[in-house]
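Trainee: predicted model and sequence below, questions to follow.
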Amino acid sequence: ASTLGGARLLEDEIERTIPFKSGDKLSLQALDGTIAIYGVSDGPMTVTANRKAFSPARLNALEVKITQDANGTKISTRIPEAKPWQDHSGTVDYAIYLPDDVSELGVEGRDGQITINGISGDRLSVALRNGRVTVRDCFCDQKVRVTAGGIDLLYDWPEQRAVTLDAELGAGSILVFIPSENSFRLHAEAPDGRVTSDFTGTKDRAGQDVSKLDETIGTATPSMLTLRARAGNIRVIAVD
């Protein structure tokens with residue numbers, strides 16, 4: 001336990017090792033807190049959930065439920081609604097290691113940060129209300145949605161596999177880091193902001209910043225990158 005603003009923060013840790021093989025599915029429904037997911041070469045899956053709250057009753061009310069059936073593994077986080085005069089505290093921080101070729105990975109969070117590293121299965125979907133999503137070296141079809149905050153998409157090396165990446169942000173910024181030798185199709189829109197790319201021109205004929213780009217980069221079979229920032233900016237950065 002620790003103190004924050006004079007209040008005593010209580011916490012405990014739940015650890016589970018779960019049978020999980022290549023090609024299985026995982027869905028995670030979280031509340032407030034951080035989520036870190038790492039792809040590794042093989043199973044099983046390990047889950048660490050660090051629960052935090054300012055009262056024993058609230059800490060014990062934070063439920064982490066793990067179920068498995070023919071449709072895959074599901075991790076859900078629950079906490080009862082508190083009345084206006086009751087303690088509303090409660091976060092759960094997740095650290096998960098699982099086989100990198102998980103066929104489908106779905107992650108939903110409320111407020112906080114989500115980091116996903118090294119997934120190469122079929123599909124990845126991420127949804128967050130407020131905060132930042134960072135996806136690194138995930139070579140699979142991806143769908144990322146953030147209401148307010150930021151999206152960072154990073155690739156440290158070129159990959160021959162063509163993937164579809166669909167990222168949409170309500171308010172904030174999208175950053176994409178791509179090796180300079182990659183081929184891809186880029187469609188980026190920022191109606192109330194600007195789009196900049198190291199791979200193509202980002203000024204119109206009058207020299208003004210553009211809010212939309214639709215370009216094909218390179219000559220190989222391209223991946224498709226669709227980026228939308230409703231109120232914010234998009235930047236695509238070439239990595240050498």
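Mentor: Nice, I can see it.

Trainee: dig out what the most centrally placed residue in the chain forms beta bridges with.
Mentor: For the chain, V133 is the residue whose C-alpha lies nearest the centre (Cα atoms, centre = their mean; 4.0 Å). For V133, the beta-bridge partners under DSSP bridges are I114, I151.

Trainee: do you know the pLDDT at it?
Mentor: At V133, the model reports a pLDDT of 98.

Trainee: who's in contact with it?
Mentor: V133 is in contact with 113-116, 126, 144, 146, 149-152, counting by Cβ atoms under 8 Å, 6 or more residues apart in numbering. C-beta coordinates here come from the backbone N, C-alpha and C atoms, glycine included.

Trainee: change it to 6 Å
Mentor: By Cβ atoms under 6 Å, 6 or more residues apart in numbering, the residues touching V133 are 114, 126, 144, 146, 151.

Trainee: would you confirm that the second one belongs to a strand?
Mentor: The reference is to V126. Yes: checked against DSSP: H, G, I helix; E, B strand; the rest coil, V126 lies within a strand.

Trainee: so R51 makes contact with E63?
Mentor: No: if you go by Cβ atoms under 6 Å, R51 and E63 don't touch, sitting 9.2 Å apart.

Trainee: those two - which one has more neighbours?
Mentor: Neighbours per residue (other Cβ atoms under 10 Å) separate R51 from E63, with R51 holding more: 23 against 12.

Trainee: relative to D156, how far out is that one?
Mentor: Distance, R51 to D156, by Cβ to Cβ, to the nearest Å: 33 Å.

Trainee: swap in G106?
Mentor: 24 Å.

Trainee: out of those two, which sits in the busier spot?
Mentor: G106 (17 against 10).

Trainee: once you drop chain neighbours, what's closest to that one?
Mentor: S27 (4.3 Å; Cβ to Cβ, 6 or more residues apart in numbering).

Trainee: point to the helix or strand of the chain where mean pLDDT is at its lowest.
Mentor: When the helices and strands of the chain are scored by mean pLDDT, DSSP states H and E, strand 2-4 comes last with a mean of 53.

Trainee: state the number of residues packed around the residue nearest to D141 when sequence neighbours are not counted.
Mentor: What sits nearest to D141 in space, not counting adjacent residues and going by Cβ to Cβ, 6+ apart, is T164, at 4.6 Å. T164 sits with 14 neighbouring residues when counted by other Cβ under 10 Å.
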